[in-house]
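Engineer: got a predicted structure plus its sequence, pasted below:
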Amino acid sequence: MGWFGGKWVTIRTASGSKLDEAERLYALLKSNGIKAKVVEDGVLRKVNVKAKDEQAARTLAQTLEKER
């Protein structure tokens, strides 16, 4: 673990018409108490979570995918 609180892991990358899905995933993660942030890199939007929350975040992401 680093000086500033740990490592961030990208669990989803979106661009174009999929940007809304990244925002929905971010909101779902936050509502479930998972520390998340959205990083914009040009036209890409990345949803990052703390490394310790990665497994729970991926499970929620799969749940969101099944709803579609």
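Structural biologist: Great, that's in hand.
Engineer: three-state assignment of the spatially most central residue of the chain?
Structural biologist: Note on the chain: the residue nearest the mean C-alpha position is V47, at 3.2 Å, using CA atoms, centre = their mean. With DSSP: H, G, I helix; E, B strand; the rest coil as the basis, V47 sits in strand.
Engineer: how about V9?
Structural biologist: With three-state DSSP as the basis, the three-state label of V9 is strand.
Engineer: what sits against it?
Structural biologist: N48, V49, K50, A51, E54 (CB atoms under 8 Å, 6 or more residues apart in numbering). Yep, even glycine has a C-beta here, placed from its N, CA and C like the rest.
Engineer: and what of R68?
Structural biologist: Counting by CB under 8 Å, 6+ apart, R68 has contacts E21.
Engineer: quick one: the helices in the chain, in order.
Structural biologist: 19-31, 54-67 (DSSP state H).
Engineer: any idea which of these is most buried?
Structural biologist: Per residue and on average, the most neighbours among these fall to helix 19-31, with a mean of 16 (mean count of other CB atoms under 10 Å).
Engineer: the contacts of V9 into CSV, with extra columns for pLDDT?
Structural biologist: As requested, the contacts of V9 are exported to CSV (pLDDT from 0 to 100):
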residue, pLDDT
N48, 96
V49, 97
K50, 95
A51, 94
E54, 95
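Engineer: make JSON lines out of those residues and add distance to R24.
Structural biologist: Shown next, in JSON lines, are the contacts of V9 (distance: CB to CB, whole Å):
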{"residue": "N48", "distance to R24": "16"}
{"residue": "V49", "distance to R24": "15"}
{"residue": "K50", "distance to R24": "20"}
{"residue": "A51", "distance to R24": "22"}
{"residue": "E54", "distance to R24": "19"}
